[in-house]
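Participant: Attaching a predicted model along with its sequence, questions to come.
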Amino acid sequence: MKHDDCLFCKIIEGEIPSAKVYEDDHVYAFMDISQVTTGHTLVIPKVHTRDIYETPADVAGELFARVPKIAQAIKEAYNPVGMNLLNNNEIMAGQSVFHLHIHIIPRYSDEDGFDAKWITRNDEFSMEELKEIAEKISSSIN
Ligand code: AMP
Ligand code: ZN
């Protein structure tokens, strides 16, 4: 269950202090120490799982099931004008703590400290190419 040397397991256990927002048998939610925007919350499964690849469907289900009500509570408390959900996997994607977590990031303006820009390439792929990509992925779904 608990993973030695995992920061978030230690937070769940209370060995490292955190500002708790919500807790039940399956999840723990607390303030991200960096507060990219005010109310920035992390939701984590109590079971240690490294990232999305290692996460069993039932753990993912219990985790995500709690996200809407926590997001709703942040919305009521801080009245943001938007909300981003983010989950980083592997260093290249920005993961720095290797215990699965969902970031809930309330948004206040386009200069509020969070930026999720990407370059759209939707004029570069024909429907045939999109279907080829889809087929390559769907044939790997177990
Ligand atoms: P990621 O970079 O997606 O792995 O997110 C890890 C997040 O954990 C970062 O946003 C950090 O600010 C946050 N973090 C690191 N240490 C702590 C801590 N002790 N308490 C709360 N949040 C933390
Ligand atoms: Zn852990």
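Facilitator: Looks like it arrived, so ask away. It should be emphasised that the depicted structure is a prediction, and the values quoted were computed from it without experimental measurement. Ligands and ions are numbered 1, 2, ... in the order given.

Participant: where does this protein dip in pLDDT?
Facilitator: Filtered on pLDDT under 70, the chain yields the residue ranges 1.

Participant: Tell me where it has strands.
Facilitator: Here the chain has its strands, by DSSP state E, at 20-23, 27-31, 41-45, 82-86, 102-107.

Participant: residue at max distance from the center of the protein?
Facilitator: For the chain, the residue at maximal distance from the C-alpha centroid (Cα atoms, centre = their mean) is Glu128, at 32.2 Å.

Participant: returning to what we had before: which stretch among the strands of the chain comes nearest Arg121?
Facilitator: Taking Cβ to Cβ, strand 82-86 is the member of the strands of the chain nearest to Arg121, at 21.0 Å. (Glycine included, C-beta is placed from N, CA and C.)

Participant: gap between the residue farthest from the centre of the chain and ligand 2?
Facilitator: To ligand 2, Glu128 is 43 Å away according to Cβ to the ion, to the nearest Å.

Participant: With Arg50 instead?
Facilitator: Distance, Arg50 to ligand 2, using Cβ to the ion: 8 Å.

Participant: how about the residues of the protein near ligand 1?
Facilitator: Residues of the chain lying near ligand 1 by Cβ under 6 Å from any ligand atom: Leu7, Ile16, Ser18, Asp32, Ile33, Ser34, Asn88, Gly94, Gln95, Ser96, Val97.

Participant: Show me which of those is closest to Pro45.
Facilitator: Nearest to Pro45 out of these is Val97 (Cβ to Cβ; 13.0 Å).
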